[in-house]
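Enquirer: Model the structure of this input:
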Amino acid sequence: MSNEQAIPETNGITVELLATVDLGPEIEGMAGRQLRMRMVTIAPGGVFGPLHDHIDRPGIVYILHGTITDYRDGITTEYGPGVGWPEDRNTLHWLENRGTVPAVEISVDIVRQE
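Expert: All right, here's what the predicted structure looks like:
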């Protein structure tokens, strides 16, 4: 499946919030923001979409188990255990687990507090 084809809706995703830190008291100018760490599991055939950006929500991802396929800028990249990638203001992508086992990632990002 390429970026030009229809992007499936999000399915097969489990998200567990592991920790947050209120950044306002920690770093000047960061009021209303938090550092968030989540464990995201994508079931075989699961999709983390739709196509989305990370404007105003930078982060990094690290794969613990399985393989995640990243569709970005017309390029398909597979990431397996022990590999990570940045998600910055230039990121426009969606993710898929094309494997036969659950893919588990740790996602750390800076978000506006809800």
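Enquirer: Identify the residues contacting Y62.
Expert: Y62 makes contact with 83-84, 105-106, according to CB atoms under 8 Å, 6 or more residues apart in numbering. C-beta coordinates here come from the backbone N, C-alpha and C atoms, glycine included.
Enquirer: hmm, try it at 6 Å
Expert: 84, 106 (CB atoms under 6 Å, 6 or more residues apart in numbering).
Enquirer: so how far is I68 from it?
Expert: As judged by CB to CB, to the nearest Å, Y62 and I68 stand 11 Å apart.
Enquirer: Over to T77?
Expert: Here T77 is placed at a distance of 9 Å from I68 (CB to CB).
Enquirer: So for stretch 11-21, what gets flagged as buried?
Expert: Across stretch 11-21, burial judged by 16 or more other CB atoms under 10 Å covers G12.
Enquirer: let me redo that: stretch 70-84
Expert: So for stretch 70-84, counting by 16+ other CB under 10 Å, buried means 70-72, 79.
Enquirer: Name whatever forms a beta bridge with V21.
Expert: Here V21 sits in beta bridges with L35, going by DSSP bridges.
Enquirer: got a pLDDT number for it?
Expert: The model reports V21 with a pLDDT of 97.
Enquirer: do the same with R38
Expert: R38 is assigned 97 on the pLDDT scale.
Enquirer: So what does P44 look like in phi/psi?
Expert: phi -50, psi 130 (degrees, to the nearest 10).
Enquirer: Surely it is in contact with A103?
Expert: No: counting by CB atoms under 6 Å, A103 is not a contact partner of P44; they are 8.2 Å apart.
Enquirer: Between those two, which contacts overlap?
Expert: Here P44 and A103 have N97 as joint contacts, going by CB under 6 Å, 6+ apart.
Enquirer: Of those two, give the one with the bigger neighbour count.
Expert: The neighbour comparison of P44 against A103 (other CB atoms under 10 Å) goes to A103, with 27 against 13.
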